[in-house]
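**Q** Let's see this in three dimensions:
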Amino acid sequence: MPHLLVVDDDQDILTLLTSFLRKHQYRVSTAEDGEAMFALLEAQPVDLVILDIMLRNEDGFSLCQRLRTTSRLPVIMLSAMADHTDRVVGLEIGADDYLTKPFDQRELLARVKAVLRRTVDPVTPSSPSTRPVLCFGGWQLDVARRELRSSENALVMLSGGEFDLLLSFAEHPQRVLTRDQLMDMARGPDHAAFDRSIDVQVSRLRHKLETDPKNPSLIRTVRNGGYMFATTVRRA
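**A** Model prediction:
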């Protein structure tokens, strides 16, 4: 039973979401601020965080940013602000999805399922053929463990969305991929995200992979086309 942590300082919303998600076979814990959130994360394993932006003391943006320094735990951000900028900021700091209040609980449920499908490690045999490691430009992308390591074997933290996008690139090297194709491969054809989110995640990947993110050599922009993973990929 997946364990969800809902972080919101509105008690009515906490009660409503807890009841709804438990009816759909999720284990649910709640927190009203960052201090309670991190205390619970240290005390027990959590599969996904549903994080409101407008919190007392420390807002959801700051909490997500702090979480990303140590964890790839998937995060869905909630906000009463419909501003396009807030959505972009949320994705830039590492959120896996973003939902604007008020929202249909069924849409939240669908997004929770989609994010968990993308980020929870599947139980797979230990055979190398079913646990490929993709190698490119000195980097190693472990598909089963969902880990990226540098040539010095240092672990690089990726959000769930960043990992899925990088995997899409690595599985289709030397090909021009449109934003729509990348969205379908990384998030599924029914995902209700917007075009700009791919650009944001590409920018974040470049800062983690490229020696000079402003002049990328791995993930190249193809004018009026999309992006191309301009390197050779081999399976280890």
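
**Q** Run through the neighbouring helices and strands of the worst-scoring helix or strand of the chain on mean pLDDT.
**A** Ranked by mean pLDDT, DSSP states H and E, the weakest helix or strand in the chain is helix 84-92, scoring a mean of 74. Applying 3 or more CB pairs under 8 Å, 6 or more residues apart in numbering; DSSP states H and E, one finds that helix 84-92 makes contact with helix 60-68, strand 75-79, strand 97-100, helix 196-209. Every residue, glycine included, has its C-beta placed from N, CA and C.

**Q** Which positions within the longest one qualify as buried?
**A** It stands for helix 196-209. Buried positions in helix 196-209, judged by neighbour count with 16 or more other CB atoms under 10 Å: 197-198, 200-202, 204-206, 209.

**Q** again, but for the shortest one
**A** By neighbour count, with 16+ other CB under 10 Å as the criterion, the buried positions of strand 97-100 are 97-99.

**Q** One more: stretch 15-27?
**A** For stretch 15-27, burial by neighbour count (16+ other CB under 10 Å) applies to 17-18, 21, 26.

**Q** Which members of those residues occur in helices, if any?
**A** Of the positions in the buried residues of stretch 15-27, 17-18, 21 sit in helices, assigned by DSSP state H.

**Q** and which of the residues you listed is nearest to D9?
**A** When these are compared for distance to D9, the smallest value, 13.1 Å, is given by L17; criterion: CB to CB.

**Q** The closest one: what's it in contact with?
**A** In this structure, L17 makes contact with 6, 8, 28, 50, 105, 108, judged by CB atoms under 8 Å, 6 or more residues apart in numbering.

**Q** 6 Å - rerun?
**A** In this structure, L17 makes contact with V6, judged by CB atoms under 6 Å, 6 or more residues apart in numbering.

**Q** so how far is L5 from it?
**A** Look at L17 and L5: by CB to CB, to the nearest Å, they are 11 Å apart.

**Q** For the buried residues of stretch 15-27, give me JSON lines that also has distance to G138 and pLDDT.
**A** Below are the buried residues of stretch 15-27 laid out as JSON lines (distance: CB to CB, whole Å; pLDDT from 0 to 100):
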{"residue": "L17", "distance to G138": "43", "pLDDT": "96"}
{"residue": "T18", "distance to G138": "46", "pLDDT": "96"}
{"residue": "L21", "distance to G138": "42", "pLDDT": "96"}
{"residue": "Y26", "distance to G138": "40", "pLDDT": "95"}
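
**Q** and these as TSV, adding distance to V75?
**A** Compiled in TSV, the buried residues of stretch 15-27 are given as follows (distance: CB to CB, whole Å):
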residue	distance to V75
L17	15
T18	18
L21	16
Y26	16
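
**Q** Can you tell me which of those residues lies closest to T70?
**A** In terms of CB to CB, no member of these lies closer to T70 than Y26, at 24.0 Å.

**Q** one step back: buried residues in the least confident helix or strand of the chain?
**A** By neighbour count on 16+ other CB under 10 Å, the buried set for helix 84-92 is 86-91.

**Q** The residue nearest to N57 when sequence neighbours are not counted: how many residues sit nearby?
**A** Of all residues not flanking N57 in the chain, D33 sits nearest, at 5.7 Å (CB to CB, 6 or more residues apart in numbering). Using other CB atoms under 10 Å, D33 has 16 other residues around it.

**Q** quick one: D33 and L165, what's the gap?
**A** 31 Å.
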